[in-house]
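Novice: Got a predicted model here, sequence first, then my questions.
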Amino acid sequence: MVSERSVDLAAGEFSYLEAGDGPPLVFLHALGRSASDWLHVIEVLHADWRCIALDQRGHGRSVYTNEYGFELLEKDFREFVDALHLPRFSLIAHSMGGVVGMLFVEKTPQRVESLVLEDTTAPMERHQYPSVLAEPPEPVDYDWNARRQIFEQLNSPDPAWWGSLPEITSRTLLVVGRQGDRDLEETAARLPNVRIALIEAGHWIHESEPKRFLEVVQGFLDQ
């Protein structure tokens with residue numbers, strides 16, 4: 001059974017989901033999503049793992065703040081796994097959450113036994129994303145300021161994020177959703193211990209092809 005819990009961190013109260021009693025397996029969601037995005041994955045994996053999915057700041061039931069950015073999200077995540085007394089764990093992360101996971105592992109690769117990145121690249125200076133409107137065009141269930149500030153940062157990324165990719169020595173699975181993606185290929189080339197799995201499903205692989213995603217991820221984690 002999946003339980004909803006909370007923990008107090010420096011930025012405020014954070015919500016998370018937890019199920020299972022095995023080795024710890026942590027999940028980080030994409031921009032605009034929440035821990036519940038992983039529910040159908042947790043329902044399968046919690047038979048063998050202690051599954052823990054965090055609502056990142058500005059998302060789900062976690063605290064909304066004035067400031068957002070990958071460094072702050074990484075700081076939250078580090079405080080979170082410390083608060084849960086997880087010295088070593090495996091991690092599944094998607095998109096925005098994948099970047100947060102990369103920053104964490106770049107600094108402390110010894111803490112992550114196995115890393116699954118879903119269709120995630122390190123931010124690169126060559127990309128320019130469109131400006132985000134000051135207000136959402138329709139209601140959203142997360143803090144719109146998070147989208148605005150994250151996109152601003154994507155347009156001016158810290159070169160160290162890309163330069164430090166070789167520090168990610170954890171065994172890594174990069175699940176890609178399309179062939180011939182230059183960014184994903186270049187990201188993979190800088191990861192020293194990576195395996196690539198192609199599932200032709202676009203960006204939201206665990207949602208569009210849940211059965212295939214679980215097969216690939218379970219095979220990797222069980223090795």
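Specialist: The structure has been received and is ready for your questions.
Novice: I'd like the next helix or strand past the longest helix along the chain.
Specialist: Counting residues, the longest helix found in the chain (DSSP state H) is helix 70-83. Next helix or strand after helix 70-83 toward the C-terminus (DSSP states H and E): strand 89-94.
Novice: What average pLDDT does that next one get?
Specialist: The predicted model assigns strand 89-94 a mean pLDDT of 98.
Novice: elements contacting it?
Specialist: Other elements packing on strand 89-94 under the criterion 3 or more CB pairs under 8 Å, 6 or more residues apart in numbering; DSSP states H and E are strand 24-28, helix 96-107, strand 112-118. Any C-beta I mention is one placed from the backbone N, CA and C, and that applies to glycine too.
Novice: can you give me the strands in this structure?
Specialist: Taking DSSP state E to define them, one finds strands in the chain at 3-9, 12-19, 24-28, 50-54, 89-94, 112-118, 171-176, 194-198.
Novice: Low-confidence bits of this structure, can you list those?
Specialist: The chain contains no residues with pLDDT under 70.
Novice: list the contacts for the residue lying closest to residue 60 once chain neighbours are set aside?
Specialist: Closest residue to residue 60 apart from its sequence neighbours, by CB to CB, 6 or more residues apart in numbering: residue 34 at 3.3 Å. Residue 34 sits next to 55, 59, 60, 61, 141, 142 when contact means CB atoms under 8 Å, 6 or more residues apart in numbering.
Novice: How about the contacts made by the second one?
Specialist: By CB under 8 Å, 6+ apart, residue 59 lies in contact with 29, 32, 33, 34, 142, 143, 146.
Novice: any chance of the residues you listed in JSON lines, plus distance to residue 210?
Specialist: Shown next, in JSON lines, are the contacts of residue 59 (distance: CB to CB, whole Å):
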{"residue": "29", "distance to residue 210": "15"}
{"residue": "32", "distance to residue 210": "19"}
{"residue": "33", "distance to residue 210": "15"}
{"residue": "34", "distance to residue 210": "17"}
{"residue": "142", "distance to residue 210": "22"}
{"residue": "143", "distance to residue 210": "27"}
{"residue": "146", "distance to residue 210": "26"}
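Novice: hmm, which of those residues are the buried ones?
Specialist: For these, a burial check counting by 16 or more other CB atoms under 10 Å picks out 29, 32, 33, 34, 142, 143, 146.
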